[in-house]
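Participant: After the sequence you'll find the predicted model.
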Amino acid sequence: RERSGASFDASLVTNFLDGGRPDLTARRRFIEAAVLSDPSGIFDHTTDPYVDRNTRHVRALGRMVRLSDLARRLKVKDEVEFQWLVDAVGDDLPTALHWVMFVPNIESLCDEEQRKYWLPRCKHLEVIGCYAQTELGHGSNVRALETTATYDKETDEFVLHTPSLTGSKFWPGTLGRTANCAMVIAQLVDGEGIHRGVHNFLVPLRDPETHLPLPGVTVGDIGPKIGYNNMDNGFASFDKVRVPRRNMAARFSKVLPGSGKYVAAKVSEATRRIHYITMMYVRAHISHESGKNLARGITIAVRYSCVRRQGFVGDTDEERQVMDYLTQQQTLLPLLASAYALRFAGRRVLDRLRHTEAALLRQAEGGGSAADAVPKERVSDLHASTSCLKSFCSGLTADGLEKARKCCGGHGFLVSSGLPELIGTYLQNPTVEGDNAMLHQQTVRVLLKVLPVASARAKGSRQTHVWEDADCTYLVDGCADLLAGKMPTVPEDLLDLDGLCAVHRGRACRLLLQVGGALRTAERAKVPPEEAWNESLPAMAAASTAHATALVLDTFRKVLEEAERGSSCLGPQEVASLRNLAVLFGIWRMEATMADFLEGGAMGPERAPEVRVALREALRKVRPDAVALADAWDFSDFRLKSALGRYDGDVYPAIIEASRRDPLNATEPGPGYREHLRGMILEGRRRRQEEEAAKKDKGQVKGVTGTVARL
């Protein structure tokens with residue numbers, strides 16, 4: 001009933017999410033089918049929830065090896081297809097950080113000779129690596145890392161050493177049991193005894209033949225976590241471990257043999273910016289994947305909410321679908337809209353990174369045109385965008401998945417719902433690659449540089465500026481208007497997408513100006529800069545989040561505009577349904593942050609009820625398409641791993657079947673009965689009989705129990 005009532009063709013939206021062509025969807029499904037039908041059986045996950053962590057880890061290793069075989073057999077041709085293959089497995093693989101962090105760092109930081117040596121070994125997984133930066137006592141504060149790499153002139157080697165317990169590497173994924181090499185971030189001490197700050201060193205961890213830890217290396221797994229337990233996040237310490245001088249990543253700096261003199265490499269500014277871009281990819285990848293992860297949880301919750309019934313319709317015997325309760329819609333449907341919004345925003349920032357990197361490569365190789373020129377401000381703008389989007393997308397997804405679980409009632413607490421594992425695995429993302437709270441500062445540090453240009457614009461300057469064609473371009477004119485006394489107002493039609501984009505941009509402008517004003521006031525009052533910065537952190541978080549919201553919503557709008565121009569596989573009905581989602585996302589974020597709009601004068605308090613009415617109207621438009629919009633993500637039952645989110649809606653037999661598979665039900669009587677329970681029951685019977693006999697002897701009334709007996 002739900003699917004037949006949809007206003008659009010879900011398969012066309014599936015094509016759109018897959019890249020815009022039916023053949024891409026067909027190829028993805030072909031890859032997924034190869035995993036599902038694999039004769040080895042290694043990818044079968046029906047018993048995964050019931051086994052211990054060691055078994056899960058070993059299974060994940062087996063799946064990783066088999067996945068590598070499949071990649072060769074299926075002739076997987078690029079990163080997109082490889083990601084499809086990884087997604088199809090539906091499980092976390094211990095080698096993930098090898099591809100996501102270790103290899104990109106070699107490509108970015110090592111010189112040509114080093115890349116020729118290391119990358120072929122990485123490609124064929126002869127070398128399995130990790131990125132070892134975080135220490136037990138330090139994470140985001142890289143300058144305070146304790147691990148040292150001291151050059152020894154006599155042997156032409158670096159000596160890696162962990163000087164204290166808090167200097168132990170702690171948390172790097174793949175480090176614990178899988179990696180045999182690490183890109184270690186350590187404080188460089190050159191041959192002249194000068195401390196040169198943190199640099200990268202390729203440090204073998206385990207013997208390539210036996211996989212035993214090498215002399216001086218203490219390494220292991222950090223233990224069970226909330227989730228993501230297939231991954232062997234590890235600890236490592238180094239007791240004067242020696243590596244060749246050429247194991248220092250040498251693209252941008254090196255230490256000369258013999259003298260140990262530190263020399264910065266002569267590279268073009270474009271080459272340095274390429275390195276900067278490379279470091280942003282992981283944050284952009286987290287933003288991109290957040291939409292897909294949120295969509296998995298929302299697909300489960302939306303389908304189950306349409307299957308589950310609670311309460312009666314009027315005086316009839318017909319039970320109401322849980323999804324028809326407004327509170328359920330108000331929780332789930334904005335999250336469904338968010339999944340699409342985050343996916344589009346993540347895809348766009350990844351595309352911008354690739355485009356910028358390609359232009360920089362052409363510049364670095366001397367073949368670029370004037371159009372390829374990439375000013376440093378554009379790279380800074382990308383840094384701000386990847387920082388705020390990573391924070392916004394991962395935070396919204398982590399919170400959204402938990403809301404989806406709660407919307408599934410008691411059954412959402414079952415592991416067989418698929419939600420606990422999904423949530424536990426995802427919860428790392430607000431912390432990794434920069435804690436979300438810290439990333440707000442990185443974002444605002446860039447955005448504040450826009451304010452002098454905006455100030456000049458407010459005074460009448462119309463000169464071109466360095467922030468043209470950037471994500472933060474809108475801040476120039478927007479902040480200039482506010483400085484000139486022009487206040488943006490909420491449009492009469494609260495469901496107008498262009499109007500919603502404008503007011504969210506206005507909110508970001510106002511909050512950024514608040515941060516800038518507070519810092520200038522503190523400076524005039526001679527408040528120490530660090531104290532002033534610390535006092536402004538909450539305002540920075542608000543400004544960064546507002547900027548991210550504006551970017552996400554504006555990207556959604558641009559995606560729809562491109563589709564309407566006929567440059568996509570979507571028809572008018574599909575565009576209309578997606579537009580309803582974009583509007584819902586915009587009005588939902590407005591309602592959630594209404595205080596900002598009231599405080600800034602964008603709307604008066606008399607319009608607050610209108611916002612809530614508009615939100616309900618947006619929910620009403622999305623409700624008939626909810627299941628079809630979830631279906632369009634095309635998650636197979638195999639990938640969802642959820643009794644509640646089954647495509648056919650037959651959830652209750654699936655719940656019972658999952659319960660019966662639990663090893664706790666394998667024997668009768670159950671485990672522990674003979675060791676513990678039987679003795680307790682028999683002893684309880686003996687004591688009861690003794691008490692009853694004693695009561696008879698004292699003449700107590702037979703059969704009196706409860707509070708009467710106590711009196």
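Facilitator: Great, that's in hand. Numbers count the residues shown, from 1 in each chain.
Participant: quick check: mean pLDDT across the lengthiest helix in the chain?
Facilitator: Counting residues, the longest helix found in the chain (DSSP state H) is helix 326-364. Across helix 326-364, the average pLDDT comes to 93.
Participant: Stretch 403-423 now?
Facilitator: In the prediction, stretch 403-423 has an average pLDDT of 97.
Participant: Need the CA coordinates for it. CSV is fine.
Facilitator: C-alpha atoms of stretch 403-423 as CSV (Å, rounded to 0.1, in the frame of the first residue of the first chain):
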residue,chain,number,x,y,z
LYS,A,403,16.4,8.7,17.4
ALA,A,404,15.6,6.1,14.7
ARG,A,405,16.2,3.3,17.3
LYS,A,406,13.9,4.9,19.8
CYS,A,407,11.2,5.3,17.1
CYS,A,408,11.3,1.5,16.8
GLY,A,409,10.2,1.0,20.4
GLY,A,410,11.3,-2.0,22.4
HIS,A,411,12.2,-4.0,19.3
GLY,A,412,14.7,-1.3,18.3
PHE,A,413,16.7,-2.4,21.3
LEU,A,414,17.2,-5.9,19.8
VAL,A,415,20.5,-6.5,18.1
SER,A,416,18.4,-8.2,15.4
SER,A,417,16.9,-4.8,14.5
GLY,A,418,20.3,-4.0,13.0
LEU,A,419,20.3,-0.6,14.8
PRO,A,420,22.5,-1.2,17.9
GLU,A,421,25.4,-2.4,15.7
LEU,A,422,24.9,0.4,13.2
ILE,A,423,24.9,3.0,16.0
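Participant: buried residues in that stretch?
Facilitator: 404-405, 407-408, 411-412, 414-423 (16 or more other C-beta atoms under 10 Å). Any C-beta I mention is one placed from the backbone N, CA and C, and that applies to glycine too.
Participant: neighbouring contacts of that stretch?
Facilitator: 49, 227, 293, 296-298, 300-301, 304-305, 308, 322, 328, 331-332, 335, 398, 401-402, 640-645, 651, 654-655, 658-659 (C-beta atoms under 8 Å, 6 or more residues apart in numbering).
Participant: which SS state does A186 fall under?
Facilitator: What DSSP: H, G, I helix; E, B strand; the rest coil gives for A186 is strand.
Participant: Look at it and say how many residues are nearby.
Facilitator: 26 (other C-beta atoms under 10 Å).
Participant: Okay, strands next: where are they in the chain?
Facilitator: Here the chain has its strands, by DSSP state E, at 129-132, 148-152, 157-161, 169-170, 181-189, 195-204, 217-221, 234-238, 241-244, 253-255, 262-264, 309-312, 319-321.
Participant: Packing partners of the longest helix of the chain?
Facilitator: On a contact count with 3 or more C-beta pairs under 8 Å, 6 or more residues apart in numbering; DSSP states H and E, helix 326-364 meets helix 269-278, helix 281-307, helix 376-407, helix 537-564, helix 572-592, helix 608-622, helix 626-631.
Participant: now with 10 Å?
Facilitator: Helix 326-364 sits against helix 10-17, helix 269-278, helix 281-307, helix 376-407, helix 537-564, helix 572-592, helix 608-622, helix 626-631, with contacts defined as 3 or more C-beta pairs under 10 Å, 6 or more residues apart in numbering; DSSP states H and E.
Participant: out of everything not next to it in sequence, what's closest to L644?
Facilitator: Y304 (4.1 Å; C-beta to C-beta, 6 or more residues apart in numbering).
Participant: Please tell me how far that neighbour sits from W588.
Facilitator: 21 Å (C-beta to C-beta, to the nearest Å).
Participant: same deal with N247?
Facilitator: Counting by C-beta to C-beta - N247 and W588 are separated by 51 Å.
Participant: what's the answer for Q463, then?
Facilitator: Q463 is 39 Å from W588, by C-beta to C-beta.
Participant: more neighbours, those two?
Facilitator: W588 (21 against 7).
Participant: For that one, give me its contacts.
Facilitator: 330, 333-335, 337-338, 611, 614-615, 618-619 (C-beta atoms under 10 Å, 6 or more residues apart in numbering).
Participant: if we go to 7 Å?
Facilitator: Applying C-beta atoms under 7 Å, 6 or more residues apart in numbering to W588 gives the contacts 334, 615.
Participant: For it, report the pLDDT, please.
Facilitator: We note a pLDDT of 98 for W588 in this prediction.
Participant: S369 too?
Facilitator: 65.
Participant: What number of residues are in the vicinity of L353?
Facilitator: 21.
Participant: Likewise for R348?
Facilitator: Around R348 there are 23 residues (other C-beta under 10 Å).
Participant: gap between D399 and L560?
Facilitator: Counting by C-beta to C-beta, the gap from D399 to L560 is 26 Å.
Participant: Give me the more crowded residue out of those two.
Facilitator: L560 (20 against 13).
Participant: Test my guess that the more buried one contacts V575.
Facilitator: Yes - at 5.9 Å, L560 and V575 qualify as touching, with contact defined as C-beta atoms under 7 Å.
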